[in-house]
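[1] Compute the structure for the input listed below.
(one chain, ligands or ions: 1)
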Amino acid sequence: MYPRVEIDLKKLRHNIDEIVARCRELHIEVAGVVKGFTGIPECTKQFDDSNCRFIATSRLEQVEDAKKYGITKEFMLIRVPMITEAADAIRLTDISLHSEIEVLKAFNEQALKQKKKHGIILMADLGDLREGFWDTEEMISAALMVENSFEGLELSGVGTNLGCYGSVSATPRKLEELVRIAECIESRIGRKLEFISGGATTSLPRVFENNMPERINLLRVGEGIILAKDLRDLWGYDMSFMYQDVFTLKAEVIEVKDKPTHPVGEIMFDAFGMKQEYEDRGIRRRALLAMGKVDYAFPDMIYPRDKGIQVLGASSDHTIVDIQDTERDIKVGDIMEFDLCYATIVYVTNSPNVKITFAN
Ligand SMILES: *Cc1c(COP(=O)(O)O)cnc(C)c1O
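    Alright, predicted model coming up:
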């Protein structure tokens, strides 16, 4: 039964509804991004039942699982595609993000072959330096090609991504750059674009502060819905209207003992070949848990729910926690609960060792 991640579907649904409602008030549609929890179908279903416009992910396997589960909303592929996944992307999704003309050609061929019309959002790189056209002329010629030459494709709009690699902030000015590119394309194709997609969770501050450029009408939101922790901890927004505890990691205690805090002997390397520092705090009470880095990757990114408990470190299959200062009497066989962050949610939901259960 352990370790396991328990997911509160009602809280997840609450979070989806809160963000979608706030965006819709400003005439902004939401693509609900499900890659953060590995597209677990029961969770994805919550997005399907909500008012979000699309369900979005970077992985086609997750779309396949969702469809098998019976999810019917339109799917958006948000990692600019591998050319080798063109056939599956056309088969499984309705719209995708692009930055390469070669890939667009392959998508067009597949769409024609499968007798489908596939939506295209062309990505502009505004300085964050991950995906997207850097050269606006190249982007405009791709737009003209999709619009005029690719019968299987529909030019649905333009988009950008910020705050992922280059840590660039989605300021109103930055997003105005995207609107200018969109309007430039519109003047060349002689019609309005349906979507101008102004980023991800890092663009939500524009919604909260009501200073989103007029024409931005689509955001692709993952973290800000499933966790809303970055907006609170890094950006300082009051996110008390959201649940930060949709996901709970639970692990079993397999040893409780008083031990020294500093290793005894000649200090070499840890299980992962790293040099570690150990603070000597004398003898303290600590517990050993039956889960490790294999399950969540980052010991400093799991957060004990009980006050006074501190994660000291981990190896592949063990986690060591200091329990000296907690009021609870912790025994072998007890279950310890942890909050997670975006990075550790991705890992625990991907690990075959971590069971998934639902609170509702
Ligand atoms: C992951 C991703 C998102 C969602 O990011 P969050 O920070 O989780 O909101 C949006 N767009 C693209 C292109 C992505 O890769």
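[2] end to end, how far does stretch 52-60 reach?
    By CA to CA, to the nearest Å, the extent of stretch 52-60 from end to end equals 19 Å.
[3] what sits up against it?
    Contact with stretch 52-60 is made by 16, 20, 29-35, 39, 44, 47-48, 63, 66, 71, 73-79, 85, 88-89, 92-95, 218, 220, 222, as judged by CB atoms under 8 Å, 6 or more residues apart in numbering. Glycine gets a C-beta too; all of them are placed from N, C-alpha and C.
[4] contacting residues for the closest residue to the ligand within the chain?
    Closest to the ligand within the chain is Gly222: 2.6 Å, counting by CB to the nearest ligand atom. By CB under 8 Å, 6+ apart, Gly222 lies in contact with 32-36, 56, 200-201, 342.
[5] of those, list those near the ligand.
    Among those, proximity to the ligand is found for 33, 35-36, 200-201 (CB under 6 Å from any ligand atom).
[6] Reduced to three states, what does the residue nearest to Ile16 when sequence neighbours are not counted come out as?
    Among residues not flanking Ile16 along the chain, Ser50 sits closest, at 4.6 Å (CB to CB, 6 or more residues apart in numbering). Following DSSP: H, G, I helix; E, B strand; the rest coil, we place Ser50 in the coil state.
[7] ok, Ser50 touching Val20?
    Yes. Ser50 lies in contact with Val20 (CB atoms under 8 Å); the separation is 5.9 Å.
[8] Take the ones next to the ligand among the contacts of Gly222 and keep only those in helices.
    Among the ones next to the ligand among the contacts of Gly222, no member falls in helices (DSSP state H).
[9] Just the buried ones out of these, please.
    For those, a burial check counting by 16 or more other CB atoms under 10 Å picks out 33, 35-36, 200-201.
[10] now these as CSV including pLDDT?
    What follows is these, written out as CSV (pLDDT from 0 to 100):
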residue, pLDDT
Val33, 98
Lys35, 98
Gly36, 98
Ala200, 97
Thr201, 96
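[11] And the furthest pair within those?
    Lys35 and Thr201 (12.4 Å; CB to CB).
[12] could you point out where this protein is predicted with low confidence?
    360 (pLDDT under 70).
[13] In the sheet, which strands lie alongside the longest strand anywhere in it, parallel or antiparallel?
    What stands out as the longest strand in the chain, according to DSSP state E, is strand 247-260. Note on strand 247-260: by DSSP bridges, its sheet partners are strand 4-7 (antiparallel), strand 283-289 (antiparallel), strand 335-340 (antiparallel).
[14] So for Pro260, which of the ones you listed sits nearest?
    strand 283-289 (5.8 Å).
[15] Quick check: buried residues in that closest one?
    286-289.
[16] List just the nearest of those residues to Leu162.
    Distances from Leu162 to those, taken as CB to CB, are shortest for Leu289 (37.5 Å).
[17] Against Phe269, how distant is the closest one?
    22 Å (CB to CB, to the nearest Å).
[18] Next: Asp334.
    From Asp334 to Phe269 the distance is 31 Å (CB to CB).
[19] which of the two has more neighbours?
    Neighbours were tallied for Asp334 and for Phe269 using other CB atoms under 10 Å; the higher tally belongs to Asp334 (15 against 9).
[20] and that one, what is it in contact with?
    252-253.
[21] those helices in the chain, which residues are they?
    With helices called from DSSP H, the chain shows them at 9-25, 41-48, 60-69, 86-92, 101-113, 136-148, 172-189, 204-208, 223-226, 230-233, 293-296, 342-350.
[22] Could you look over these and pick the most buried one?
    helix 223-226 (a mean of 26; mean count of other CB atoms under 10 Å).
[23] what's next to that one, contact-wise?
    Counting by CB under 8 Å, 6+ apart, 12, 15-16, 19, 32-33, 36-37, 43, 200-201, 204, 229-231, 246-247, 342, 345 sit against helix 223-226.
[24] rewinding a little: any chance of the strands paired with strand 247-260 in a markdown table with distance to the ligand as columns?
    Formatted as a markdown table, those follow (distance: least, CB to the nearest ligand atom, whole Å):
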| stretch | distance to the ligand |
| --- | --- |
| strand 4-7 | 17 |
| strand 283-289 | 28 |
| strand 335-340 | 14 |
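[25] if we compare the ones you listed, which one ends up closest to Lys259?
    Comparison of the strands paired with strand 247-260 against Lys259 by CB to CB identifies strand 283-289 as nearest, at 5.9 Å.
[26] ok now the closest one, how far from the chain's centre?
    Put simply, strand 283-289 sits 33 Å off its chain's centre (CA atoms, centre = their mean, to the nearest Å).
[27] what do you get for stretch 174-194?
    Taking CA atoms, centre = their mean, the mean C-alpha location of stretch 174-194 is offset from the chain mean by 27 Å.
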